[in-house]
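[1] Here is my input; please provide its structure:
(2 chains, ligands or ions: 2)
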Amino acid sequence: MRAGSGPPFFRPGTAPANRSWNHSLSLAASADIEKRHWQRLDKLGVLVTVIGLTGLALPFALFRANRIVPGEGIGILGSLDSVWSILLIAAIVLTLATALVRFNAIAKMAAGFLALAILALAVGAAANHLTPSDNNYARVAPGAGFWLLLLAFSLMVTDALTRLRLRPIWRVALLAIVLGAIGLILWSGLWSNLSLLKEYASRAPAFWQEARTHLILAFGSVAIATLAGIPLGILCYRVKLLRAAVLNTLNIVQTIPSIALFGLLIAPLAWVAANVPGASNIGISGIGIAPALIALFAYSLLPIVSNTVVGLLGVNGQVVDAARGMGMTDRQRLLNIELPLALPVILTGIRIVLVQNIGLVTIAALIGGGGFGVFVFQGIGQTAMDLVLLGAVPTVGLAFAAAVILDAIVEQISIKGRGA
Amino acid sequence: MIEIVDIVKSYNGTTVVDHISLTIPPRTISVIVGTSGSGKTTLMRMINRLVEPTSGTIRIDGEDIRDVPAYELRRRIGYAIQGHGLFPHWTVAQNIATVPKLLGWEKSKIEARVDELLGLFQLDPAQFRHRMPHELSGGQQQRIGVARALAAGPNILLMDEPFGALDPVIRAKAQEDLLAIQRQLGTTIVLVTHDMEEAIHLGNRIAVMDKGKLLQYAEPAEIIVSPATPFVADLIGTSDRPFRLLSLTHVGDHIEPGTANGSPIEAHATLRDAYSDLLWSGRSAAPVTRDGQTIGIITLAACAHLAARPQ
Ligand SMILES: Nc1ncnc2c1ncn2[C@@H]1O[C@H](COP(=O)(O)OP(=O)(O)OP(=O)(O)O)[C@@H](O)[C@H]1O
Ligand SMILES: [Mg+2]
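    Ligands and ions are numbered 1, 2, ... in the order given. Got it, this is the predicted structure:
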């Protein structure tokens, strides 16, 4: 029985307040029996099931005569041959049943992953099944039903993983396995008939070019912000007068809408490019990578600086005092004691900006910064959803992977320096 | 020897240490007592320059402490604080090695020293060397804190309420250990506490402070017998005076010839313990043993006589 349900535990300190408890004992007990049936149900599992069943009812695949016309939804039975249909429906029903009742998180995780794998294979099979052999324009995309099922099983898996409280190293290993599996499916060509991959196939070089830009912008801006932000944070920690001023300024920067900030930088940078000798030679111009990098850098600064300050301020005062009393110089104390103990908080700041910037880079495409946003905005312009997805899906995947890996690092470091 | 000469510390016009002068003899334990906020910690921290005095001079073995850089001075002075302040991300061995490492000792010498200190504090090196602070009990953490303060073999050890967080049993044990180690190493110890009992037990000399002023600096017996001000008398507690006085003397110094019945009392026990034992067991005398040999008796009358104010 979980705390908060059923009759309250008797607590000596609260005896008088609980006196009425005896009178209502029989009532509470019968209500408890009623409740027990409900308690066997997993609350999140109910949500998963509702989403999953809705997904089952909605079209599994979307067939379009070409890439921009509206599509025609097709159910599971219509999208797959009978063997696949039965397999998929059985997997969905069984997994949802597993989700609904309360038991072992490992079993739930395994069931969730298995369902996801079958779903991934089935969508490829559906694309192969529905694509006419002689028609190069027809497009098969996953339908609303597929996306809902994907959401349902992902929820189930994440919930099970949260409850399992896996060690950081295992979470990263699991991420690697999932990415490996996706890579394997891509390599096998099973998904080649999906519209997203057809979109990719027709612009593979551009895709990798933008991927590179995306990574450079996201990681580059975070790297520069880290190099500048940590020293600035240390300075704010040491010089109290500076602290409020710097943090307030950065706070204001943070509130400027991203599109506005990108836009605001165009004029001054264009001026610099035109008037400062050599500036344009090193890539500075009103549009392109430079303003994107600067804007992303500006956004990254606050979380890194403030987390550095908060992390350093959070170091136990007695520990700092002991370090001083032992005869460490300011520099030795900073490097040996304060920074290592503040590291988990600082890394959390870096994790926040990295995940944030991987998403924000998409908007940089508006000012010619490049990145996956290029596909998103082209897609919106052409009303080609597949193209939008070609930009969006890798962005989400990147952000997710970065979050998992950095969370694992932060946790691993916190475990080491725990206590006191 | 630590000479504190007319030292003053004020914060924004408020004087928290007010013209204090005292000389701490080498190889002794001086205990600073006083109520909360009386300036004990501030006074002590001026000795290793964690606090810079507003005016006045402090000399160690004749040398003005301002003549060396603060960090160098601190490496020569042991420093242990309440709640130990161990570095949570370092192992026990790394913690103890802090100052030797800062002084650039050789690795092998540091390792030997760490093991030696762990042994001195009755902690098995093989078992404790690689533990993290959070894997130790409070008492063990406290011992490591003191071991770390002694690592580079300082002549002076400053301790700010080092036993404040310990339970009474562990605390008594830690006090005995400290006395034994001090006797063995001959370290000059300055210890801050607000427990008069602890001060009388540990101190060769006691400095009583109130509102930033030094009221009395004297040996425990003198403080008990002739407190300089009513405040000092209050701090000792009038009803406790006879017992505190008895606690300063050992049974072995007051044995009488004769025989007595009942369980024996050890010669190194304090007279207070003997007195308490006699009262509790309803005897007027008890046999005294040293190393298992009966060497005489201690009488209730002798105890009562010794508890009276000396004339
Ligand atoms: N950095 C500081 N700034 C301003 N006032 C301070 C500072 N440090 C100490 N004080 C003040 O000086 C007075 C003496 O403080 P101190 O810490 O020396 O007292 P204490 O005798 O050690 O007290 P306790 O027994 O509570 O530890 C207190 O009133 C305290 O508020
Ligand atoms: Mg204090």
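[2] what's next to the helix or strand containing A:L53, contact-wise?
    Secondary structure from DSSP states H and E places A:L53 in helix A:43-57. Applying C-beta atoms under 8 Å, 6 or more residues apart in numbering or on different chains, the contact partners of helix A:43-57 are A:76, A:89, A:92, A:95-96, A:99-102, A:144-149, A:151-153, A:155-156, A:159. Bear in mind the C-beta positions are built from the backbone N, C-alpha and C, glycine included.
[3] again, only this time at 6 Å
    A:92, A:96, A:99-100, A:145, A:148-149, A:151-152, A:155-156, A:159 (C-beta atoms under 6 Å, 6 or more residues apart in numbering or on different chains).
[4] ditto for stretch A:177-187
    Contacts for stretch A:177-187 (C-beta under 6 Å, 6+ apart): A:W191.
[5] what comes up buried for it?
    For stretch A:177-187, the neighbour count (16 or more other C-beta atoms under 10 Å in any protein chain shown) marks A:178, A:185 as buried.
[6] Can you report how many residues lie near the residue in the stretch 151-300 of chain B positioned nearest to chain A?
    At 7.8 Å from chain A, B:L158 is the closest residue in the stretch 151-300 of chain B, using C-beta to the nearest C-beta. Neighbours of B:L158 under the rule other C-beta atoms under 10 Å in any protein chain shown: 25.
[7] Which secondary structure elements does the next helix-or-strand element following the helix holding A:L53 sit against?
    Of the helices and strands lying after helix A:43-57 in sequence (DSSP H and E), the nearest is strand A:61-64. Under the contact criterion of 3 or more C-beta pairs under 6 Å, 6 or more residues apart in numbering or on different chains; DSSP states H and E, strand A:61-64 touches strand A:72-74, strand A:139-142.
[8] ok, and which of these has the densest surroundings?
    strand A:139-142 (a mean of 25; mean count of other C-beta atoms under 10 Å in any protein chain shown).
[9] Give the next helix or strand downstream of that strand.
    helix A:144-164.
[10] what is the mean pLDDT for the next helix or strand after that following helix?
    Scanning forward in sequence from helix A:144-164 by DSSP H and E, the next helix or strand is helix A:168-188. Mean per-residue pLDDT for helix A:168-188: 93.
[11] Show me what counts as buried in whichever helix or strand comes after helix A:168-188.
    Scanning forward in sequence from helix A:168-188 by DSSP H and E, the next helix or strand is helix A:195-201. Buried residues in helix A:195-201, defined by neighbour count with 16+ other C-beta under 10 Å: A:195-200.
[12] Helix A:195-201 - contacts with which helices or strands?
    helix A:385-416.
[13] okay, the angle between the helix it packs on and helix A:168-188?
    With axes from the mean of the first three to the mean of the last three C-alpha atoms, to 10 degrees defining the directions, helix A:385-416 sits at 160 degrees from helix A:168-188.
[14] quick check: angle from helix A:385-416 to helix A:144-164?
    Using the same axes, to 10 degrees, helix A:385-416 lies at 0 degrees relative to helix A:144-164.
[15] where does A:N135 fall, helix, sheet strand or coil?
    coil (DSSP: H, G, I helix; E, B strand; the rest coil).
[16] what's the neighbour count on it?
    By other C-beta under 10 Å, the residues close to A:N135 number 10.
[17] Roughly how far does A:V376 sit from B:P220?
    Per C-beta to C-beta, to the nearest Å, A:V376 is found 81 Å from B:P220.
[18] What strand or helix carries A:A110?
    Assigned by DSSP H and E, A:A110 falls in helix A:105-130.
[19] ok, now A:G78?
    A:G78 belongs to helix A:76-79, assigned by DSSP H and E.
[20] residues of that helix that come out buried?
    A:76, A:78-79.
[21] would you turn those into JSON lines with pLDDT and distance to chain B?
    Shown next, in JSON lines, are these (pLDDT from 0 to 100; distance: C-beta to the nearest C-beta, whole Å):
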{"residue": "A:I76", "pLDDT": "88", "distance to chain B": "54"}
{"residue": "A:G78", "pLDDT": "87", "distance to chain B": "60"}
{"residue": "A:S79", "pLDDT": "87", "distance to chain B": "56"}
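[22] Tell me the one of these nearest B:I7?
    A:I76 (86.8 Å; C-beta to C-beta).
[23] and the residue of the stretch 101-250 of chain B found nearest ligand 1, how far is that from A:Q378?
    Nearest to ligand 1 in the stretch 101-250 of chain B, going by C-beta to the nearest ligand atom, is B:H194, at a distance of 5.1 Å. From B:H194 across to A:Q378, the span is 74 Å (C-beta to C-beta).
[24] Kindly report the same for A:V276.
    Counting by C-beta to C-beta - A:V276 and A:Q378 are separated by 33 Å.
[25] So which of those two has more stuff around it?
    A:Q378 (17 against 11).
[26] Point out the other elements, helices or strands, that the lengthiest helix in chain A touches.
    For chain A, the longest helix by residue count, based on DSSP state H, is helix A:204-238. Packing contacts for helix A:204-238, counted by 3+ C-beta pairs under 6 Å, 6+ apart, involve helix A:240-255, helix A:289-313, helix A:339-364.
[27] want to throw the ones you listed into CSV with mean neighbour count and distance to B:I224?
    As requested, the helices and strands packed on helix A:204-238 are arranged in CSV below (neighbours: other C-beta atoms under 10 Å in any protein chain shown; distance: least, C-beta to C-beta, whole Å):
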stretch, mean neighbour count, distance to B:I224
helix A:240-255, 13, 47
helix A:289-313, 23, 45
helix A:339-364, 22, 45
